[in-house]
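Engineer: All I have is the shape, not the residue letters:
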């Protein structure tokens with residue numbers, strides 16, 4: 001695996017079980033996980049502190065590590081994470097969004113909602129977990145954008161080779 005196999009994960013009390021499931025899955029797939037908490041359901045640490053702790057570690061790694069932050073909806077974690085310089089956190093609920101946020105926006109942190117995950121797969125808990133994990137894998141495995149030029153007024157990507165005389 002590439003450098004992106006190093007992840008920092010954190011959650012609040014609404015997402016502890018979900019975080020632990022995803023961490024186990026990712027460790028089994030060879031990812032190195034640094035868990036910044038919470039570690040117990042009765043932990044009083046609030047999500048902005050978890051998000052800041054995780055994002056500081058990512059920044060201190062020179063952004064070689066990526067992050068996954070999980071709270072009830074994912075909204076609070078994404079807002080808190082995006083307050084840290086250099087962090088580009090995206091809340092994603094599907095693989096298409098997760099893939100494009102890496103390709104177009106070079107997101108380095110993925111926010112997920114533990115309470116909303118059943119909506120990812122029309123109510124099936126097992127399918128929801130699979131879709132969420134797939135979303136994560138897309139987000140952390142895609143290399144950052146380097147060979148694309150973006151046209152801001154449209155919704156498509158033009159490969160930079162098409163914009164050069166050689167292409």
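Structural biologist: Structure received. Since the model is a prediction, treat every value here as computed from it, not as a measurement.

Engineer: count of residues packed around the closest residue in space to residue 72 that isn't next to it in sequence?
Structural biologist: Sequence neighbours aside, residue 14 is the residue nearest to residue 72 in space, at 3.8 Å (criterion: Cβ to Cβ, 6 or more residues apart in numbering). For every residue, glycine as well, the C-beta is placed using N, CA and C. For residue 14, the neighbour count with other Cβ atoms under 10 Å is 18.

Engineer: where does residue 14 land in three-state SS?
Structural biologist: Assigned with DSSP: H, G, I helix; E, B strand; the rest coil, residue 14 falls in the coil class.

Engineer: Who are the contact partners of it?
Structural biologist: Residue 14 is in contact with 71, 72, 114, 115, counting by Cβ atoms under 8 Å, 6 or more residues apart in numbering.

Engineer: same thing but at 10 Å, please
Structural biologist: 38, 41, 47, 70, 71, 72, 73, 76, 113, 114, 115 (Cβ atoms under 10 Å, 6 or more residues apart in numbering).

Engineer: Going by neighbour count, which of those residues are buried?
Structural biologist: Buried members of the contacts of residue 14, scored by 16 or more other Cβ atoms under 10 Å, are 38, 47, 70, 71, 72, 73, 76, 113, 114.

Engineer: Is it possible to get a markdown table of those residues that adds secondary structure and pLDDT?
Structural biologist: Listed next are these as a markdown table, based on DSSP: H, G, I helix; E, B strand; the rest coil; pLDDT from 0 to 100:
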| residue | secondary structure | pLDDT |
| --- | --- | --- |
| 38 | coil | 96 |
| 47 | helix | 95 |
| 70 | strand | 94 |
| 71 | strand | 94 |
| 72 | coil | 92 |
| 73 | coil | 93 |
| 76 | helix | 96 |
| 113 | strand | 89 |
| 114 | coil | 87 |
